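K.L.:
just coords:
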DNA sequence: CTGTATCCGAGAGGATACTG
DNA sequence: CAGTATCCTCTCGGATACAG
């Protein structure tokens, strides 16, 4: 690191810019939610179906945090039954290359990761 | 998502390749550790100093998981006092673009994130 | 110096029921 | 449909002490 980032006063509580990004899209669900929003606006229950295993509660919480950071926009249609649409803001779009890289890396390397872990497992025993 | 990823049997427990990547570099510390290893081999206490706020315990745990996934190599020198060096494997290097993007995104956008959160805060009250 | 071993608290995350 | 409201579990992560 040395003087790589000299003037980081604005980072505040973060000692490293990577940490700051983790704070925005970290956690178990956020990056996956953003991923599913890459190809367009989605309704709440659509997202719930796409993010397999997520509970309503967690989906709500994660969406609220993404909204607070300005990554996700929430559009409420006052109807009965209610309709709420989630989409990426322009700001959120700036994360697209990151998320796509994560997707591609996962696709290309997950097998190897699983192999490595098994090998490591047997070496430990 | 539709048929974007049709043949994902190998993903196993993961319903989405992004999730798989999160499993490797997710959590509070892993991506920051990898970041600090980008510019070369580091000893345990060097990493401890660079990752401000991390405890010995957490550093050990996270390094072990990264090692198990094949991202980090651990070289032990049997001396007194002991010396252990950590470095990225070639496989781990494949994460470099991702980590650098996270670093740059954090540098460029953290101010805006903090602004957004404050704005959102006041709107809620 | 590079770790383990405990113990502990906070919060992430889950299950279920209920509501406008 | 899109959430809240509870309640609960369990893991992440921190503090401290000890060891090779």
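P.N.:
Sure, I can see it. Since we're looking at a predicted model, the values are computed, not measured.

K.L.:
State the helix or strand in which the residue nearest the centre of chain A lies.
P.N.:
Nearest residue to the geometric centre of chain A (Cα atoms, centre = their mean): residue A:31, 1.4 Å. Per DSSP states H and E: residue A:31 is located in helix A:30-37.

K.L.:
Quick one: mean pLDDT for that helix?
P.N.:
The average pLDDT for helix A:30-37 rounds to 96.

K.L.:
Next secondary structure after it?
P.N.:
strand A:42-43.

K.L.:
who's in contact with that following strand?
P.N.:
A:36, A:50, A:83, A:84, A:85, A:86, A:87 (Cβ atoms under 8 Å, 6 or more residues apart in numbering or on different chains). For every residue, glycine as well, the C-beta is placed using N, CA and C.

K.L.:
Now the first one: closest residue in space that isn't a chain neighbour?
P.N.:
This points to residue A:36. residue A:50 (4.5 Å; Cβ to Cβ, 6 or more residues apart in numbering or on different chains).

K.L.:
ok, now the third one?
P.N.:
Residue nearest to residue A:83 in three dimensions, not counting chain neighbours: residue A:77, with 4.2 Å by Cβ to Cβ, 6+ apart.

K.L.:
Is the one you found in contact with residue A:41, as I believe?
P.N.:
No - between residue A:77 and residue A:41 there is no contact under Cβ atoms under 8 Å: 11.8 Å.

K.L.:
intersection of neighbour lists for these two?
P.N.:
residue A:85.

K.L.:
on that earlier part again, tell me the contacts of the residue nearest to residue A:83?
P.N.:
Neighbouring residues of residue A:77 by Cβ under 8 Å, 6+ apart: A:83, A:84, A:85.

K.L.:
Quick one: buried ones out of those?
P.N.:
With burial judged by 16 or more other Cβ atoms under 10 Å in any protein chain shown, the buried subset of the contacts of residue A:77 is empty.

K.L.:
ok, back up a step: show me what contacts the residue nearest to the centre of chain A?
P.N.:
By Cβ under 8 Å, 6+ apart, the contact list for residue A:31 reads A:25, A:99, A:102, B:18, B:22.

K.L.:
Please apply the same query to residue A:65.
P.N.:
Taking Cβ under 8 Å, 6+ apart, we find residue A:65 in contact with residue A:30.

K.L.:
Can you give me the pLDDT of it?
P.N.:
95.

K.L.:
Which helix or which strand is home to it?
P.N.:
Per DSSP H and E: helix A:56-68 holds residue A:65.

K.L.:
Could you tell me how far the next helix or strand after that helix lies from the centre of the chain?
P.N.:
Going down the chain from helix A:56-68, the next helix or strand is strand A:72-77, by DSSP H and E. Strand A:72-77 sits 18 Å away from the centroid of its parent chain (Cα atoms, centre = their mean, to the nearest Å).

K.L.:
Thanks again, I'm all set now.
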